[in-house]
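Student: mind folding the following:
(chains A and B)
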Amino acid sequence: MNILELKNVVKSFGDYKATNDVSFSVKEGSIFGLLGPNGAGKTTIIRQITNIYMPDEGEIFLFGSKVSPEHQNRIGYLPEERGLYKKLKVLEQLIYFGKLKGLSSKNAEARARQWLVKLGVADWAEKKIQDLSKGMQQKVQFISTILHEPDFLILDEPFSGFDPINVDLIRNIILNLKEKGKTIILSTHVMSQVEQLCDELLLINKGKSVLFGEVREIKSRFGKNHLVLEFSPDSSMIEDLENVEIIERSAGRAEIKLLEKSCEAQSQHILRKLIESGLSISRFEISEPSLHEIFIQTVGEENLNEEELAQISN
Amino acid sequence: MKLFSPKLPTIIQHEYMSKFKTKGFLLGTLLGPLAMIAMLGVVIAAAVLSKDTTELKLAIVDNTNSIGKELVASDTSKYYINRQSVDELNNKIISGELDGYVLIPSSILDSGDVEVYSEGGGGLGFIKSLESNLGNILTHRRLQREGVDVSVIELVGKQLDVITKKVTKDGGVEKDNAEGLAFIGYGLGFAIYMLMFIYGSWVSRGVIEEKANRIIEVIASSAKPFEILLGKVVGIGLLGLTQVVAWIVIGFALLQLAAPIIAMTVDIDPATLSTGMSMQDAQTAQAQEMMSNFPVISPWMIIGFIFYFLAGYFIYASLFAAVGSAVDQEQDAQQLLIPVTLPIIIPILLINVVMTNPDGTLSVALSLFPFFTPIIMTVRIAAGNVPVWQIGLSVILVVGTFLSSLWVASRIYRVGILMTGKKPTFKDLYKWLRA
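Tutor: As a prediction, this is how the structure comes out:
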């Protein structure tokens, strides 16, 4: 069953169509990747789902009915740019947001305390937000998003600002929510997270939907034309290979795209060459392109700036 | 669709409590009346001091041989007879030993001219006091010269003193204190002016904080913009009301405490002592006399003050919020705030006109213009006699104005809070309003 459905949604600001005829649906209990370069229109779409904006055209259905303020209590939204009251204490902050989502004061406090313990910030409950480290503020914001146990979550870059241990912690919470049947939209620039977590994805560019479907299906759509190699010692013969495009290259490692018609034959040819040259090969893998590769190929490199490229390759 | 959800009280409570619990609010509430009393003290002290502005001592060179003596007798602290030559006096002025001297010509009774020599400057105060001191003597002398009887001269010289009485509804007559009441009106009007600015800027600062810290994105996905705006305006309004009521209560308590202290410092008039009462009784009597001279602040004045303060706050606070929503940082708000602050400032400039003639046509018209009503009507209620129909009309007008400004503000707010990046112009705001 589809929890969310957008049908030909259009939203314009002046002459610019920030959402240009976008349609997609999100299945109940799945994690859905909402991807696109900066300024592609992700936030505009999210704001229409959370009833901050009204679409100019088209329809948005949530939980089977048109989006309305009545839905707001069942949505948890973690915006990319985090916002907390600096002068408020952690617990007060969480109680206020919980109440805004329809919880009673008591209930909000009890749940907030539980989550603070779970995320290891219980000692900070009575501290002001401004006295917290960035990472701890992120945790508080994350708690405020899930405090009212929403059925539908929109998480915009939920891992940014966390160290690897906390990334794991947050990821486990997200997977746990999925197990409980919650539906999650994950918007991120980190493609490895999408590969790990998402069932389906939508890629938008300049307000338009450019790619939509199951992650696995999309990857196979792009074909098995990638070769990942690991070898030692490092050798310049990779650069001398013909009819290939080097996607990634580091000492003793290379990811290349095969450009000949028969990838099968080309890959065997390369393998033979490597062995003949006396390299010790520790990895030889024919694979689908990474989402990173698909993202860049679809959006077009010329549409990305350097900062975005760096973000995506993380 | 319901206009309000249960979220509105949540927002109101949040706005009220998060500010109420701050140290700044507590200090402001407790120290406000003290600051006001201190300010009042400075004003009174300045007034008392300015009565005797001249500390200059003047030598009198008297060519009539009689008027000079009389002048010295009128105020020995300022004048003394001098027998030195003009050259010596000039030297003394240059060396700084002497402030100045007055040259009284023998023809003064006819010409009325007198010359004062000094090192220059010294303010207007000493000229004024010389004019009045010498003027009285001259008048006296001239009348005497024309053969007018001394008793008649004294009668003519008697100062005019207008004592105002007020006829009350039950037919009695009581002491009226038009001047004092006008000043109370001025004070109350000015207080409303300050309060509208203070609480209004709390509102706009709060809106800007939520926008700059991106809190608004989370709140806007939880409640309607109209509820967020109204919740903020009402929450801070209630907070302001709390503070104002606290100030009034503390202020009255302080006055009660202060009365006996004032009584202790009162100079005892020998006339009251002579009737044979004790020193303390005399002091109390004197203090009571002083208190009865003090104009009475009626409950209606306070009720009017609180009502019009709230009315003014609500009309302007939502507009302050709208401006706050349009900008990314406080500095950018200045220009957009001009049309909001101008109608708050204008009545302060007109307050003198209203004090002079609180029930005149102009005052009535100004007090019924809803953007001016809060300040002007408060002044009129204290200083004049406002008919009930005018009060009623003003209430209808300010409530209507509040609803319209809330509507305008909410249209701008709803768009503004999510707009970041460029500094909006009035044209943009107009576009948002119509969107």
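Student: looking at chain B, which helix is longest?
Tutor: With DSSP state H setting the assignment, residue counts place helix B:225-265 as the longest helix in chain B.
Student: and that helix, what does it pack onto?
Tutor: Other helices and strands packing on helix B:225-265, by 3 or more Cβ pairs under 8 Å, 6 or more residues apart in numbering or on different chains; DSSP states H and E, are helix B:7-20, helix B:23-51, helix B:178-212, helix B:215-220, helix B:279-293, helix B:299-326, helix B:388-416. In this view, the C-beta of every residue, glycine as well, is placed from N, C-alpha and C.
Student: and it, average pLDDT?
Tutor: Averaged across helix B:225-265, the pLDDT comes to 85.
Student: how about the strands in the stretch 51-200 of chain B?
Tutor: Secondary structure of the stretch 51-200 of chain B (DSSP state E, counting those that start in this stretch): strands located at B:58-62, B:79-81, B:100-104, B:115-118, B:165-167, B:173-175.
Student: related to what we said a few turns ago, out of the helices and strands packed on helix B:225-265, which is closest to residue A:257?
Tutor: Each of the helices and strands packed on helix B:225-265 was checked against residue A:257 via Cβ to Cβ, and the shortest separation belongs to helix B:215-220, namely 39.8 Å.
Student: does the closest one reach chain A?
Tutor: Yes. Under the criterion of Cβ under 8 Å from any Cβ of the partner chain, chain A is reached by helix B:215-220 at B:215-220.
Student: counting neighbours, which of those residues comes out on top?
Tutor: Neighbour counts for these were taken using other Cβ atoms under 10 Å in any protein chain shown; the highest belongs to residue B:217, with 25 neighbours.
Student: ok so residue B:424 is a helix residue?
Tutor: No. Residue assignment for residue B:424, taken from DSSP: H, G, I helix; E, B strand; the rest coil, gives coil, which places it outside any helix.
Student: state the distance from the closest residue to it other than its chain neighbours to residue B:423.
Tutor: If the residues on either side of it in the chain are set aside, residue B:424 comes closest to residue B:326, at 4.8 Å by Cβ to Cβ, 6 or more residues apart in numbering or on different chains. Computed as Cβ to Cβ, to the nearest Å, the residue B:326 to residue B:423 distance reads 9 Å.
Student: assign a three-state SS to residue A:159, would you?
Tutor: With three-state DSSP as the criterion, residue A:159 was assigned coil.
Student: just the CA atoms of stretch A:249-257, as PDB, please.
Tutor: Provided in PDB are the C-alpha atoms of stretch A:249-257 (Å, rounded to 0.1, in the frame of the first residue of the first chain):
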ATOM      1  CA  ARG A 249      41.800   5.600  -9.200                       C
ATOM      2  CA  SER A 250      43.900   5.300  -6.100                       C
ATOM      3  CA  ALA A 251      47.200   3.500  -5.300                       C
ATOM      4  CA  GLY A 252      46.600  -0.200  -6.000                       C
ATOM      5  CA  ARG A 253      42.900   0.300  -6.800                       C
ATOM      6  CA  ALA A 254      40.900   1.200  -9.800                       C
ATOM      7  CA  GLU A 255      37.200   1.400 -10.900                       C
ATOM      8  CA  ILE A 256      36.800   1.500 -14.600                       C
ATOM      9  CA  LYS A 257      33.900   1.600 -17.000                       C
END
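Student: which residues are in contact with that stretch?
Tutor: Stretch A:249-257 has contacts (Cβ atoms under 8 Å, 6 or more residues apart in numbering or on different chains) with A:225-234, A:238, A:241, A:244-248, A:289-290, A:293.
Student: please redo it, this time with the cut-off set to 6 Å
Tutor: Residues from elsewhere that reach stretch A:249-257, judged by Cβ atoms under 6 Å, 6 or more residues apart in numbering or on different chains: A:225-232, A:234, A:238, A:244-248.
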